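Enquirer: Just to be clear, the model below is a prediction. Sequence and coordinates:
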Amino acid sequence: MCLYPKLVKNPKYRKNKKNGGNIPTMTDNRVAFVPVGCGMCMECMKQKANNWKTRLMEDIKVHTNGHFVTMTFSEESYNKIASEIKAEGYTLDNEVATLAVRRFLERRRKQHKKSVRHWLITELGQTNTERIHLHGIVFTDNPTDIQKHWIS
């Protein structure tokens, strides 16, 4: 339950495709507004994480070709991508990871003519380098293909 919910107008009482443009009459003014989560508080983030966990657990039951991966950056590849981005600190790290994943998917798509289903998150290392790296699940029948297309 959100700690700081927002109140928005109830979409039930608006003209839309679902109701065919016929707005139903509001019999109780208490339902004119509905609470919506803020998406930024700890409770909303926890709920989002739990939703993703459930989705992935159900997805893995159906698609058994999911492989857990850890994608790291070499010093050269990180610096090369970072030089193309105008950002600093954690924003730079996340932008580098985003661009690297996009290029990874483009390289794979160019060879196989089809994208790969994936779920990836970023994490900072804990010793000495504190270098950003990615953990996730990539759904593919050929796991060596992942290593071939990643920049390392």
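Expert: Happy to help now that I have it.

Enquirer: which residue sits closest to Pro143, ignoring its sequence neighbours?
Expert: Excluding its sequence neighbours, the residue lying closest to Pro143 (C-beta to C-beta, 6 or more residues apart in numbering) is His67, at 4.7 Å. Yep, even glycine has a C-beta here, placed from its N, CA and C like the rest.

Enquirer: how about that neighbour, what does it touch?
Expert: Counting by C-beta atoms under 8 Å, 6 or more residues apart in numbering, His67 touches 137-140, 143, 146.

Enquirer: Can I take it that Thr70 is in a strand?
Expert: Yes: assigned with DSSP: H, G, I helix; E, B strand; the rest coil, Thr70 falls within a strand.

Enquirer: In this structure it contacts Leu134, no?
Expert: Yes: using C-beta atoms under 8 Å, Thr70 is in contact with Leu134, at 7.1 Å.

Enquirer: Tell me the backbone dihedrals of Gln30, please.
Expert: Actually, residue 30 is Arg. It isn't Gln. According to degrees, to the nearest 10, the main-chain angles of Arg30 amount to phi -70, psi -20.

Enquirer: any idea how far it is from Asn16?
Expert: Separation of Arg30 from Asn16 (C-beta to C-beta, to the nearest Å) stands at 21 Å.
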